[in-house]
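Student: Take a look and give me a structure for this.
(one chain, ligands or ions: 2)
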Amino acid sequence: MNGMLWYGADYNPDQWLDRPDILARDIELMKKAHISVVSLGIFAWSALEPAEGDYRLDWMQEVIDRLWAAGIRVDLATPSGARPAWLAQKYPEVRRVNPDRVRQLFGDRQNHCYTSPVYREKVRAIDQALARRFGRHPAVVMWHISNEFGGECHCELCQQAFRDWLREKYGSLDAINRAWNTAFWSHTYTDFSQIESPAPQGESAMNGLILDWKRFVSHQTTDFMKWERDCVREIVPEAKVCVNMMYRFDMIDYFEMGREIDLASWDSYPTWHKPTQTFEETAIDTAMMHDLIYSVKGQPFWQMECTPSMTNWQGVSKVKKPGVNLFSGLQAVAHGADGVLYFQWRQSRGAFEKFHGAVVAHDGREDNRVFAEAARLGALLEQLAPVAGERKEKQAAIVFDWSAKWALEGSQGPRNKGLGYWEEITRHYAALSRLGVNVDFVNEDAELSGYRLVVAPMLYMLREDFAAKLRAFTQNGGTLVVTYWSGVADDTDLCYLGDTPHGLCDVLGLRRLEIDGMYDGETRRCIPAEGSPLAACTCGTLCEVEALEGARPLLLYDEDFFKGHAAAAVNDFGAGRAYTLASRFEEGFYLPFYRGICEGLVTRAWPDELPAGMLAVRRGRFIFLQNAADTPNRAGDVELPAYGTAVFEDGKRIL
Ligand code: GLA
Ligand code: ZN
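Tutor: Numbers count the residues shown, from 1 in each chain. Ligands and ions are numbered 1, 2, ... in the order given. Have a look, this model is predicted:
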C-alpha cells in the first residue's frame with residue numbers, strides 16, 4: 001500500500017506453536033503498537049518442512065489469516081537463511097567449505113553453499129510450496145528473500161563456478177594472465193583447473209585474483225538471491241521482493257544486488273550511548289548507512305530491523321535511553337525509509353538471542369517503557385504517512401564502489417596496518433550531513449548528472465569510463481573533490497602507467513609525485529597558502545606529494561621533506577572546479593572546507609547554522625530537525641529535548 005509508512009517486526013510464531021494463547025495475544029498487542037506489517041517465518045524451515053517433502057503449512061495459514069483479519073500485512077520470508085538438520089545431514093554438499101577447505105558441520109545459520117544444485121533445488125521446493133499456498137493471499141505484500149545474505153564457500157562446486165565465471169569474463173587464460181600480471185612470482189596459469197580461490201595455505205598474493213574472487217562471491221550470492229526470487233515469481237509473477245542488507249557489509253556489492261530487487265532494506269544496530277562516541281557521531285554514522293541503502297536503488301527503503309531496546313551480541317549491549325527509539329525510527333524516515341521494523345516482535349525463550357530486546361519481552365506486558373515507546377512511534381508514523389514515497393533531492397554524491405574498495409584494501413602499499421577507508425568517507429559525509437546537505441552514494445557505474453558536488457575519497461581503482469564521467473561532470477560546471485591515493489589502478493588492479501591520478505591530472509591541475517605512510521598518531525602540520533580561506537591544521541595517515549600543474553595551493557605542508565608542497569589545492573576546469581585533498585586532515589578541517597564549497601552551490605536543509613548536535617535533513621517537501629544530543633537544544637525558535645524531533649511540511653511544523 002502506498003501512502004503509508006510501514007511499521008512492524010520480524011515475527012517468529014514457529015517458536016510458539018505450543019502456545020496458542022501467546023499467538024492470540026500477539027495480535028492484540030500488535031494492534032496496540034500500531035503494527036502494520038510483519039516479516040514472517042524467516043527461520044521457520046524446520047517447522048514448515050519437518051522431514052524431506054513433508055510440508056506443514058497449516059499453522060502458517062492460520063497465522064497469516066489472523067494477521068489479515070487484524071489488518072496486518074505480511075512480508076513473507078523464504079526460509080533459506082537457516083536449513084533443517086535433516087537437510088544438512090543427508091546432503092553434505094549444502095554445507096559450506098571454509099577457505100582452508102574444511103567443510104562445516106551442521107549448526108548456526110546463513111552458511112550454505114550458494115552454488116550447490118541440491119541446496120538450490122531444496123530451496124526451490126520450499127519457496128514454491130509457500131508461494132503456491134500464500135503467494136496470492138491478500139495479506140502478503142512483499143517477499144523477504146532469505147536473511148542477511150553473506151559469506152563464501154570454497155567447495156569444488158564453487159571452484160568450478162568461479163572458473164566458469166572467469167572464462168565468461170575474460171574469454172581466455174591469456175587474458176587472465178595479463179589482467180592479473182601472473183608473470184610476477186612465476187604464477188602463470190596454463191590450465192583453468194589450476195585456478196583456485198584464495199586460501200590460507202594457498203594463494204594470498206595475487207591481487208587481481210583475490211579481487212575477482214570477491215566479485216565472484218558477490219555475483220554468486222546475487223545469483224542465488226535471483227534464483228529464489230525467480231522460484232517465487234514462477235508461481236506469482238507479480239511478487240515484490242526485498243533483501244535485508246547490513247551495516248558496512250563488505251562481501252556483497254549491494255549496488256549489484258540492488259538491481260535485482262524491488263525494495264532495499266537494512267538492519268540497523270548502532271551502538272547508541274557508547275562512551276567513546278558522542279550521540280551525534282553515532283547518529284551521523286547511522287545516517288550514512290541510511291543514505292547508502294537509499295542510494296542502492298535511489299528510492300525509499302525500509303529499516304528492516306532494529307532493536308526497540310538492546311541487542312545481546314555487541315561487546316556491551318546498552319539499552320536505548322528514553323526517546324532514542326523514537327529518534328532512531330524518525331531518523332530512518334528522514335533519510336528515506338518508508339518502513340521501520342524491529343528484530344523482533346516477541347523475545348525468544350531460549351538459544352542465542354534470548355536476551356535480545358523485542359517489542360514484547362519475557363514478561364509479556366504492555367505497561368512498560370519499551371512497549372509504550374514502540375506504540376508511540378507507531379502512532380507517530382501513522383501521523384507522518386504523507387512522507388511515504390517522498391524522494392530526496394540530488395545534491396552531493398560520495399563515490400563508494402565495492403570493487404574499488406576491495407582493490408584499495410586488498411593491495412599492499414603505503415599503509416598495511418589499515419587505510420581507514422570508512423573513516424575517510426565518514427569525514428566527508430559528517431561535514432556534509434552537519435551542513436544539512438543531502439548525500440547519495442554512487443558507484444563507478446553511476447550517472448553524475450543532477451549532482452552539484454561529487455566527492456571521490458581514496459578512489460584508488462578508477463575505471464577509465466568513470467574518470468571520463470568525472471571529467472565531464474567538472475567540465476560542465478560540477479564541483480569535484482578528489483583525495484590522495486586516487487586514480488592509481490585500473491579495474492583489474494593493474495597500475496596505470498604514466499601520470500596519475502590517471503585520467504584526472506588536467507582536471508585537478510596536478511600530478512602525484514610520492515605518497516608517504518604515517519604511523520598512528522603521527523601527524524604533519526599544514527598552513528594556509530596565501531589568500532586561502534582555510535585554517536592551519538594537521539594531517540596524517542597518508543601524505544601525498546603533488547606537482548602542481550595549474551592548480552592553486554590552498555594548504556601547504558609545513559614539515560618534513562615535502563614542506564612547502566600543496567596539501568590541498570583547487571583547479572578551475574571547464575565550467576567547474578576540482579579540489580584535491582592530498583592527505584587526511586584532522587576532523588575540524590572538513591566542516592569549514594565544505595561550508596565554503598557548498599555556499600551558493602546547494603540549498604541546505606536548514607537556513608541558519610545549527611548548534612552542535614542539531615541535524616537537519618530534507619526529504620522532498622519535508623524537513624526533519626533532530627536533536628542528536630543528550631541535552632536540550634534549540635535552532636531558531638524551535639526547542640527540542642534530548643533526542644527530540646520536529647518535522648516541517650512546506651515550512652509548517654507538523655510534529
Ligand atoms: C540480524 C538478523 C536477525 C537477528 C538480529 C539480532 O540482523 O537478521 O535474525 O539475529 O541480527 O540483532
Ligand atoms: Zn560451495
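
Student: Mind jotting down where the helices sit in the stretch 551-655 of the chain?
Tutor: Secondary structure of the stretch 551-655 of the chain (DSSP state H, counting those that start in this stretch): helices at 590-598.

Student: now the stretch 201-350 of the chain
Tutor: Here the stretch 201-350 of the chain has its helices, by DSSP H, counting those that start in this stretch, at 207-235, 254-258, 279-297, 324-334.

Student: what inclination does the third one have with respect to helix 324-334?
Tutor: What that stands for is helix 279-297. Angle, helix 279-297 to helix 324-334, by axes from the mean of the first three to the mean of the last three Cα atoms, to 10 degrees: 40 degrees.

Student: and helix 279-297, what other elements does it pack with?
Tutor: helix 254-258, strand 263-267, strand 301-305, helix 324-334, helix 421-434, strand 439-442, strand 614-619 (3 or more Cβ pairs under 8 Å, 6 or more residues apart in numbering; DSSP states H and E). Just so you know, the C-beta spots here come from the backbone N, C-alpha and C atoms, and that holds for glycine as well.

Student: list the contacts for the closest residue to ligand 1 within the stretch 201-350 of the chain?
Tutor: Using Cβ to the nearest ligand atom, the single residue of the stretch 201-350 of the chain nearest to ligand 1 is Asp267, 3.7 Å away. Shown in contact with Asp267 (Cβ atoms under 8 Å, 6 or more residues apart in numbering): Glu148, Asn244, Met245, Met246, Tyr247, Gln303, Met304, Glu305, Cys306, Phe343.

Student: ok, 6 Å please
Tutor: By Cβ atoms under 6 Å, 6 or more residues apart in numbering, the contact set of Asp267 is Asn244, Met246, Met304, Glu305.

Student: wouldn't the last one be in contact with Phe343 here?
Tutor: Yes - the pair formed by Glu305 and Phe343 meets the contact definition of Cβ atoms under 6 Å, at 3.9 Å.

Student: ok, back up a step: redo the contacts of Asp267 as JSON lines? Include neighbour count, distance to ligand 2 and pLDDT.
Tutor: Below are the contacts of Asp267 laid out as JSON lines (neighbours: other Cβ atoms under 10 Å; distance: Cβ to the ion, whole Å; pLDDT from 0 to 100):
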{"residue": "Asn244", "neighbour count": "27", "distance to ligand 2": "23", "pLDDT": "98"}
{"residue": "Met246", "neighbour count": "19", "distance to ligand 2": "21", "pLDDT": "98"}
{"residue": "Met304", "neighbour count": "30", "distance to ligand 2": "27", "pLDDT": "98"}
{"residue": "Glu305", "neighbour count": "23", "distance to ligand 2": "27", "pLDDT": "98"}
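
Student: possible to save those as TSV with distance to Val123?
Tutor: Shown next, in TSV, are these (distance: Cβ to Cβ, whole Å):
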residue	distance to Val123
Asn244	17
Met246	21
Met304	20
Glu305	22
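
Student: Against ligand 1, which of the residues you listed make the cut? List them.
Tutor: With the criterion set as Cβ under 6 Å from any ligand atom, the members of the contacts of Asp267 near ligand 1 are Glu305.

Student: highest average neighbour count across the helices of the stretch 201-350 of the chain?
Tutor: Mean neighbour count (mean count of other Cβ atoms under 10 Å) peaks for helix 324-334 among the helices of the stretch 201-350 of the chain, with a mean of 25.

Student: Run the chain-centre distance for that helix.
Tutor: Mean-position distance between helix 324-334 and its chain equals 17 Å (Cα atoms, centre = their mean, to the nearest Å).

Student: So which residues lie in contact with it, not counting its own?
Tutor: Helix 324-334 has contacts (Cβ under 6 Å, 6+ apart) with 272, 290, 303, 308, 340, 373, 377, 387, 617, 619, 624, 643, 645.

Student: So for His137, which of the helices and strands packed on helix 279-297 sits nearest?
Tutor: His137 lies closest to strand 263-267 among the helices and strands packed on helix 279-297, at 18.7 Å (Cβ to Cβ).

Student: got the residue ranges for the strands in the stretch 351-500 of the chain?
Tutor: 396-399, 439-442, 453-456, 479-483 (DSSP state E, counting those that start in this stretch).

Student: Throw those strands into CSV and include mean pLDDT, distance to His112 and mean neighbour count, thanks.
Tutor: Formatted as CSV, those follow (pLDDT from 0 to 100; distance: least, Cβ to Cβ, whole Å; neighbours: other Cβ atoms under 10 Å):
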stretch, mean pLDDT, distance to His112, mean neighbour count
strand 396-399, 98, 33, 24
strand 439-442, 98, 29, 24
strand 453-456, 99, 37, 25
strand 479-483, 99, 39, 24
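
Student: so which of these comes closest to Ala70?
Tutor: Once those are compared by Cβ to Cβ, strand 439-442 is nearest, at 37.8 Å.

Student: residues in contact with the closest one?
Tutor: Contacts of strand 439-442 (Cβ under 6 Å, 6+ apart): Asp291, Leu292, Ser295, Ala396, Ala397, Ile398, Val399, Phe400, Tyr429, Leu432.

Student: What strands flank that strand, and is each parallel or antiparallel?
Tutor: Strand pairing for strand 439-442, using DSSP bridges, gives strand 396-399 (parallel).

Student: gap between the strand it pairs with and the chain center?
Tutor: Counting by Cα atoms, centre = their mean, strand 396-399 is centred 14 Å from the centre of its parent chain.

Student: likewise stretch 316-335?
Tutor: Relative to its chain's centre, stretch 316-335 lies at 18 Å (Cα atoms, centre = their mean).

Student: quick one, helices of the stretch 401-550 of the chain?
Tutor: Using DSSP H, counting those that start in this stretch, helices in the stretch 401-550 of the chain cover 402-410, 421-434, 464-475, 505-508.

Student: Name the residues that touch the shortest one?
Tutor: Residues outside helix 505-508 that contact it (Cβ under 6 Å, 6+ apart) are Arg471, Thr474, Asp499, Arg511, Asn571, Phe573, Ala578, Thr580.

Student: Can you give me the buried ones in that helix?
Tutor: Taking 16 or more other Cβ atoms under 10 Å as the neighbour-count basis, helix 505-508 is seen to contain the buried residues Cys505, Val507, Leu508.
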